[in-house]
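# Sequence isn't available, so here's the structure alone:
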């Protein structure tokens with residue numbers, strides 16, 4: 001499976017996310033939300049006609065647990081976040097995908113090199129387990145980070 005980094009304008013970000021998640025056609029997926037709550041993310045996806053019943057959410061925005069099927073991890077806990085993604089990858093059988101929404105958001109809470117190490121770890125885990133990865137980042141943030149992580153992805157758009 002391929003890994004893709006999509007760098008897009010803030011204005012186009014949600015449309016690109018909606019289209020990408022929709023393109024997976026209902027196979028199970030992991031959605032790591034770094035800049036919106038799970039509730040908000042799920043609402044936007046549903047509004048765009050995306051089925052969310054097979055999505056497992058990792059919410060890095062909301063601190064309190066609102067649902068049993070949503071994992072809440074603070075954005076400064078990259079090791080825990082990486083472990084959670086790996087656990088989901090191992091637990092979901094068959095074809096699956098991983099979406100990471102707004103990578104540059106991690107720079108608010110972590111050093112650039114820590115974020116790059118996280119991206120490398122997650123993309124390697126996905127590659128080892130035949131999981132398609134789509135990560136998003138707005139064009140306006142984290143240019144140095146993007147330069148460090150481009151080579152961890154098969155494609156950059």
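Noted; the coordinates are in hand. None of these values were measured; they are calculated from a predicted model.

# Run a quick check on residue 71 versus residue 62, I expect a contact.
No: using Cβ atoms under 8 Å as the test, residue 71 is too far from residue 62 to be in contact (10.6 Å). The C-beta positions use only the backbone N, C-alpha and C, and glycine is treated the same way.

# higher neighbour count, these two?
With neighbours defined as other Cβ atoms under 10 Å, residue 71 and residue 62 compare such that residue 71 has more, 21 against 17.

# quick one: low-confidence ranges for this protein?
Within the chain, the set of residues satisfying pLDDT under 70 comprises 1, 140-142.

# Regarding it, what is its longest helix?
helix 112-128 (DSSP state H).

# counting contacts, what elements does that helix pack onto?
Helix 112-128 is packed against strand 3-8, helix 78-91, strand 97-101, strand 132-138, helix 143-149, with contacts defined by 3 or more Cβ pairs under 8 Å, 6 or more residues apart in numbering; DSSP states H and E.

# residue contacts, the residue minimising distance to the centre of the chain?
Central residue of the chain (Cα atoms, centre = their mean): residue 100, 1.1 Å from the mean position. When contacts are counted by Cβ atoms under 8 Å, 6 or more residues apart in numbering, residue 100 touches 32, 34, 122, 133-136.
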